[in-house]
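*Asks:* task: produce atomic coordinates for the following.
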Amino acid sequence: MVSVAKGEIPVGLDLGGHEYAITPELVAEYSGGVDDHNAWYSGTSPFGGAIAPALILHSEVYKFGRWYLNIWGNLHAKQEWELYAPIMVGDSVTTRATVVDRYVKRSRDYVVNEAQIFGPDGRLVCRGRTHQSFVMEVDEGSMAVDKEREKRPDRTFATNGSAFEEEIEPLDKPVTIDMMKTFSPGVSYHNDAEQAKKLGFPDIVVQGMMPICFMSEFMTRRFREGWFAGGRMSVNLVNVLWGADDGVTCRGRVREYTAEGARRRAHCDVWAEKADGTKIIAGTASAVMA
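*Replies:* Numbers count the residues shown, from 1 in each chain. A predicted model of the protein is given here:
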């Protein structure tokens, strides 16, 4: 075992920002990476012209250096999103990233990176918080996570069995090597088995943001514009989606409705699971309705 230094990654660390043009090509790349071809992305939408997918900049936090404690065995552990307004195709947006929290849990050191996205008028349109976990002791002769872990009794995650208002239509999503390469460009443990083994994993680790983007499509299909302007998500990545798996199914239930001004907010329990029922993400999401 080799102890890993905690690193000078203090809460409040400003990581800088970027500027992006939201082009049709960028949208097409997103659509190819997650097999989401909503007509709103290339034609008219309830907001006027074409809009970008709600999570078009899903991996913005990973475009910044200086916040990773180490590479071996690191995992995306939790993700939160707040969506305030749609991003239109053709917009120029800016981002800013900040380390907003650190904590230790079950022998892993967690760093929370918040990325904010601002529209062309300076308005905050989206906020995401990524909880990344890092091993505190590295044993490069072993696996950081093995495939048998998800079969343990403590790795099963029950969904809320209480009464609910609505069962949302499930969304089946494939996961192919071409999608993985498009979603995670360049050779990495997200699309190459040999690279995965070097970092302590027995197989390709599908990037955690991919099933989260599937969940965003799931919420878009049900709540339409109420997801783009008012959507929220908080999900835990509870098991690894391996490259050898065929795909996942997104599921959810509306647990309750609450008043929000003249509208209602639908509060949902959501999860995504493999064909054998193993959950890979689980948590909550909500959207506004008329």
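*Asks:* check the offset of stretch 220-233 from the chain's centre.
*Replies:* Centroid separation for stretch 220-233 versus its chain: 15 Å, with Cα atoms, centre = their mean, to the nearest Å.
*Asks:* model confidence over that stretch, on average?
*Replies:* For stretch 220-233, the mean pLDDT works out to 98.
*Asks:* ok, stretch 67-84 next?
*Replies:* 96.
*Asks:* quick one: buried residues of that stretch?
*Replies:* 67, 69-70, 72-83 (16 or more other Cβ atoms under 10 Å). To be clear about C-beta, it is placed using only N, CA and C from the backbone, and glycine gets the same treatment.
*Asks:* check stretch 213-227 too.
*Replies:* Quick answer for stretch 213-227 (16+ other Cβ under 10 Å): 213-220, 222-223, 225-227.
*Asks:* which residues does that stretch contact?
*Replies:* Residues outside stretch 213-227 that contact it (Cβ atoms under 8 Å, 6 or more residues apart in numbering) are 30, 33-34, 36, 38, 45-47, 53-55, 58, 81, 83, 86, 168-169, 171, 173, 228, 231, 233, 235, 248, 250, 252, 263, 266, 268, 270, 272, 281, 285, 287-289.
*Asks:* again, only using 6 Å
*Replies:* Surrounding stretch 213-227, the residues in contact under the criterion Cβ atoms under 6 Å, 6 or more residues apart in numbering are 34, 36, 46, 54-55, 58, 168, 171, 173, 250, 270, 285, 287-289.
*Asks:* next one: stretch 173-184 to chain centre, how far?
*Replies:* Worked out by Cα atoms, centre = their mean, stretch 173-184 lies 15 Å from the chain centre.
*Asks:* again with stretch 79-91
*Replies:* For stretch 79-91, the distance to the chain centre is 14 Å (Cα atoms, centre = their mean).
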